[in-house]
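# sequence first, then the predicted structure, then my questions.
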Amino acid sequence: MPQPAQPNTERPIIVARNIDKRFGAFHALRNVSASFSEGQVTAIVGPSGSGKSTFLRTLNRLEKHDSGSIVVDGIELNDDLKHLDTIRREVGMVFQSFNLFSHLTILRNITLAPMRVRKMSRADAEAKALALLERVGLKNQAHKYPVQLSGGQQQRVAIARALAMDPKVLLFDEPTSALDPEMVNEVLTVMRELAHTGITMLVVTHEMGFAKEVADRVIFFDEGAILEDTTPQAFFTNPDHERAQAFLAQVRHGF
Amino acid sequence: MNWISRHPGWTMVAAMLGLLAFLWGLAIPLSAAPAPIGPAAEQFAEGARITVWLTLIAGSAGIVLGVLGGMGKLSKFRPLKWLCDFYVWLIRGTPLLLQILFVWLVVPTILPESIQLSDFACAAIALSLNIGAYNTECVRAGILAVPHGQVEAARALGLSPLQTFMDVILPQSMRVALPALANNLASLVKDSSLAYAISVVELTMVGYRIQAESYQPIPVFLTIATIYLILTTAFTTLTSALEAQLQTGQKR
């Protein structure tokens, strides 16, 4: 097992041990272990089908792991629905395809979970939503519907929606992969600002520029296992494994 | 149609008011008509009111049954799924007329003596069960049409399965299910005529009696057909407006 880049002197907020996951005959995750400390920004990279998204999705149980243990903020992730609800409140997620609720306005998209789950009053939830929309530069779009917004704007709303629950951890599942090239930057800008606020971020991404510049740590997945777990600098200049070198050679053509 | 989609709220109000005004005032223009219609104006109006009542009661109960059935058919809990499958299989596989007769003959024998079910109540129960089975399939199709990402987003935000269903899945599935549900409602307006078999005096029964007395079936049935047309128009206007209302936020 490669050593994490930073010594985890801080409290680990997510600890995953020996995770295995199969989809039928396909072995998606092979004995994956990793822990993430509070405030850390981790970029998770690797070729398609390497298990990086599956790993991210096991962390809030959108995928159930077959064996191993995942502990989030001291709570074991298992079939106990109470544990699951508690964990999902602390762990926000941003999806590749945004997944904004299409029948609700932007404002209602953001206020829904705080009102239903945190039992916030409508007035408080709306004030908070508007403040978050201002932060992602979309305050004037509050009363539109998702379909009326561009992809980049929708993804910024999705980030605001996740932040409205005050999560300790934000999971990003290829947040810019479904965007037109000219919209990638507006989303990365928001994520860059977030990275400096001290929130724990796990970002599955193909944006090597972002990984290099913003992340504290890079994890490289290949064939369901973690091959490299190191600093961005070490990963991009001198990766240990041939597979990582080959991957970098492939993606370098892009920028 | 354009006006309807631009002002769905007003259209719904207008359709409801129109329907009420029609039911209240129907006897007035009819009484001016020559025999055999004129003298029986009050009977036609009363028959139309019964038809509308049956439609509204069975239509509303049918929506509830349809949502429950649609959820049940998609349930992971096997016995519940089987129960809902059986319900739809039974109702879709037998004639509505038989179902009405069956409820009328069998339900009073099951109920305790103290509860007396009127013919009207029996008809309403049978019609509710019937449209509920057809609605079940429409709601199921609607639920299946909601993209899985919407569910994942709701669950990832910490919403419970019930909250996810009520706040996200159900409203979105209705957008898909509504045209088919409206279709069933339009059928129900006319299917309610089968209640004549258990002597509920609804619109068709009224027509049948009057033509039997007057030996003039053609003007009587033309009148009845016209009243049915006006009723279905009111109901379909209502559902189109509802559809337009639910279209907000949908890709055009």
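Right, received. Where do you want to start?
# and A:Met208, how close does it get to chain B?
Distance of A:Met208 to chain B, given as CB to the nearest CB, to the nearest Å: 26 Å. Backbone N, C-alpha and C define where each C-beta goes, glycine included.
# what pLDDT does the closest residue in space to A:Leu149 that isn't next to it in sequence get?
Spatial nearest neighbour of A:Leu149, chain neighbours left out: A:Gln141 (6.2 Å); criterion: CB to CB, 6 or more residues apart in numbering or on different chains. Listed pLDDT for A:Gln141 reads 93.
# then B:Leu144?
Looking at B:Leu144, the pLDDT reads 95.
# hmm, A:Gln153 and the residue nearest to A:Leu149 touching each other?
Yes. Using CB atoms under 8 Å, A:Gln141 is in contact with A:Gln153, at 6.6 Å.
# ok, back up a step: list the contacts for the residue nearest to A:Leu149?
A:Ile106, A:Leu133, A:Gln148, A:Leu149, A:Gln153, A:Val157 (CB atoms under 8 Å, 6 or more residues apart in numbering or on different chains).
# what subset of these is buried?
Among the contacts of A:Gln141, those buried by neighbour count (16 or more other CB atoms under 10 Å in any protein chain shown) are A:Ile106, A:Leu133, A:Leu149, A:Gln153, A:Val157.
# any idea how far B:Leu188 is from the last one?
When you say that, I think you mean A:Val157. Counting by CB to CB, to the nearest Å, the gap from A:Val157 to B:Leu188 is 41 Å.
# returning to that earlier point: for the buried ones among the contacts of A:Gln141, work out which two are farthest apart.
When the buried ones among the contacts of A:Gln141 are compared pair by pair using CB to CB, the farthest-apart members prove to be A:Leu133 and A:Leu149, with a separation of 11.5 Å.
# overlap in contacts, the two.
Both A:Leu133 and A:Leu149 are contacted by A:Ile106, A:Gln141, A:Val157, under the criterion CB under 8 Å, 6+ apart.
# between those, which is nearest chain B?
Closest approach between those and chain B, by CB to the nearest CB: A:Ile106, at 10.1 Å.
# can you pull the contacts of that closest one?
Listed by CB under 8 Å, 6+ apart, the contact partners of A:Ile106 are A:Leu100, A:Leu133, A:Leu138, A:Gln141, A:Ala142, A:His143, A:Lys144, A:Tyr145, A:Pro146, A:Leu149, A:Val157.
# could those be laid out in JSON lines, adding secondary structure?
Output for the contacts of A:Ile106, formatted as JSON lines (DSSP: H, G, I helix; E, B strand; the rest coil):
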{"residue": "A:Leu100", "secondary structure": "coil"}
{"residue": "A:Leu133", "secondary structure": "helix"}
{"residue": "A:Leu138", "secondary structure": "coil"}
{"residue": "A:Gln141", "secondary structure": "helix"}
{"residue": "A:Ala142", "secondary structure": "coil"}
{"residue": "A:His143", "secondary structure": "coil"}
{"residue": "A:Lys144", "secondary structure": "coil"}
{"residue": "A:Tyr145", "secondary structure": "coil"}
{"residue": "A:Pro146", "secondary structure": "helix"}
{"residue": "A:Leu149", "secondary structure": "coil"}
{"residue": "A:Val157", "secondary structure": "helix"}
